[in-house]
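K.L.:
Got a sequence here, can you build the structure:
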Amino acid sequence: MARVSYLPDRVGLQQRVLPSYRGPFCEALARELPGSLEVFAGRPRTEEGIRDSGPLDSVVRMIPRNVHLGWGQGYLLWQMGWQFWLRGFDPQLLVVEANPRYVSNHFAARWMRSRRRPVVGWSLGPVGQARGEGLLAAPLRHYYAAFDSLVVYSHQGIREFERIGIPREKIHHAPNAVQSSTSEVIRSQLASDPSRVDRWREQWGLGEGLTVLFVGRLQARKRVDQLIRACARVQPSPQLLVVGDGPERKALEGLAGKRLSACKFLGDLRGEELGRCFAAADLLVLPGTGGLALQEAMLYAKPVAVAQADGSQMDLVKAGENGWHLPPGDENALVGVLSQASADRERLRAMGAASLKIVREMATLEKMVAGFLSAIDWAWAHRFEQSGPPAIARS
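P.N.:
Down below sits the predicted model:
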């Protein structure tokens with residue numbers, strides 16, 4: 001990757017948590033920076049089912065105590081020790097999650113701005129209130145406008161920020177990507193012995209019919225219950241592999257026991273175990289909120305049917321070419337997609353090949369890193385030109 005020439009020597013990255021799949025990104029970003037990258041990220045809560053990245057090879061990571069104030073998805077976040085970290089590392093530029101509920105990020109950004117140092121926001125897009133006309137709309141727009149640049153995963157996110165008045169040149173696209181060396185390993189295994197996939201399918205008691213895969217946390221917003229009911233309505237019923245764990249697992253197992261006998265709950269799988277599930281499946285379906293399972297499935301050359309993710313589904317899922325967009329909550333539409341998939345398995349294989357081509361062209365780790373470098377470079381250069389050299393003397 002060509003190095004961007006105008007970059008700060010010390011970059012800080014402040015996150016709520018650092019999942020295992022983000023470790024390779026942080027290390028790849030660090031390799032492209034001229035100096036050092038430090039990450040300030042707490043541990044996930046046990047009930048979240050997020051695997052922490054642990055230590056990183058080429059990046060210093062500070063682990064604060066995360067204090068969550070409130071319940072459910074509406075909590076506020078305070079990270080203990082943010083000021084101690086900033087004073088010690090003294091970053092010239094800070095990248096933070098642009099989430100207005102993360103209270104300590106507001107203070108960290110203020111600390112940076114008081115020293116005339118740029119702050120880059122990392123976001124899926126503006127929260128709903130910012131796009132409306134309520135009491136919070138104007139403050140939220142001001143919140144996003146205060147960032148020196150913004151990084152977003154999707155073109156949908158770019159359009160949403162433009163609609164609330166953020167200049168296009170401040171918004172930088174970094175496709176949400178995952179590094180999956182496992183997919184290369186699995187493909188190599190199947191190239192040398194194609195019968196492996198039959199043995200994996202036998203291991204789970206799968207027959208010759210359509211095999212649908214779900215990968216994700218088992219919670220209500222994932223709508224796995226809708227997927228089970230939809231599979232039960234298709235004749236012949238698809239076989240369903242459910243990979244993941246969570247608070248809804250017991251209820252979902254009960255529902256499957258009544259409605260869909262050909263449903264296997266495999267628990268939380270990683271690495272090659274998960275890779276075998278992708279290889280054995282014909283189609284990935286994410287009927288609720290999604291995640292990086294979308295990109296992983298595409299790396300395994302699988303077609304995908306998705307309802308909601310981080311905006312990436314609009315960029316990566318081309319309706320009729322490599323998958324389907326599902327209207328959120330529409331079980332009848334999901335039944336129709338499953339029926340189509342079951343009726344034309346040859347078409348599924350062609351769609352899977354298209355998935356692999358699309359993800360390799362549009363959502364690589366290199367492109368994600370390049371998007372962040374672009375945002376960092378723009379913010380650093382723009383702040384320097386507008387207000388003179390940043391204050392970089394250590395506190």
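K.L.:
which residues touch the helix or strand hosting residue 41?
P.N.:
Using DSSP states H and E, residue 41 sits in strand 36-42. With Cβ atoms under 8 Å, 6 or more residues apart in numbering as the contact definition, strand 36-42 has outside contacts at 9-18, 26, 29-30, 56, 59-66, 79, 82, 85, 89, 91. Where C-beta positions appear, they are placed from N, C-alpha and C, glycine not excepted.
K.L.:
Residue 142 sits in which helix or strand?
P.N.:
Using DSSP H and E, residue 142 falls within helix 137-145.
K.L.:
Who are the packing partners of whatever helix or strand comes next after that helix?
P.N.:
Downstream of helix 137-145, the next assigned helix or strand under DSSP H and E is strand 149-152. Under the contact criterion of 3 or more Cβ pairs under 8 Å, 6 or more residues apart in numbering; DSSP states H and E, strand 149-152 touches strand 119-123, helix 155-163, strand 171-173, helix 365-387.
K.L.:
quick one: the helix or strand containing residue 264 to chain centroid distance?
P.N.:
If you go by DSSP H and E, residue 264 is part of strand 263-267. Centroid separation for strand 263-267 versus its chain: 23 Å, with Cα atoms, centre = their mean, to the nearest Å.
K.L.:
And for stretch 97-104?
P.N.:
17 Å.
K.L.:
List of residues touching it?
P.N.:
Defining contact as Cβ under 8 Å, 6+ apart, one finds that stretch 97-104 is touched by 14-16, 69, 74-79, 82, 96, 105-106, 121-123, 127, 140, 143-144, 147, 150.
K.L.:
what's the span of stretch 305-319, first residue to last?
P.N.:
Taking Cα to Cα, to the nearest Å, stretch 305-319 runs 9 Å from one end to the other.
K.L.:
ok so, going back, neighbouring strands - and their directions - for the strand holding residue 41?
P.N.:
Strand 36-42 pairs in its sheet with strand 10-17 (parallel), strand 60-62 (parallel), by DSSP bridges.
K.L.:
Can I get the helix or strand of the chain with the lowest mean pLDDT in PDB? Just the C-alpha atoms.
P.N.:
Least confident helix or strand, the chain: helix 312-316 with a mean of 81, by mean pLDDT, DSSP states H and E. In PDB, the C-alpha atoms belonging to helix 312-316 read as follows (Å, rounded to 0.1, in the frame of the first residue of the first chain):
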ATOM      1  CA  SER A 312     -22.400  -2.300   4.000                       C
ATOM      2  CA  GLN A 313     -25.300  -4.400   2.800                       C
ATOM      3  CA  MET A 314     -26.300  -1.700   0.400                       C
ATOM      4  CA  ASP A 315     -22.700  -1.600  -1.000                       C
ATOM      5  CA  LEU A 316     -21.900  -5.300  -1.000                       C
END
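K.L.:
Going by contacts, tell me the helices and strands next to it.
P.N.:
By 3+ Cβ pairs under 8 Å, 6+ apart, helix 312-316 packs against helix 155-163, helix 293-299, helix 345-362.
K.L.:
quick check: angle from the longest one to helix 365-387?
P.N.:
This means helix 345-362. 30 degrees (axes from the mean of the first three to the mean of the last three Cα atoms, to 10 degrees).
K.L.:
how about helix 345-362: buried residues?
P.N.:
Neighbour-count burial for helix 345-362 flags 348, 351-352, 354-356, 358-359 (criterion: 16 or more other Cβ atoms under 10 Å).
K.L.:
what do you get for stretch 123-131?
P.N.:
123-127, 129-131.
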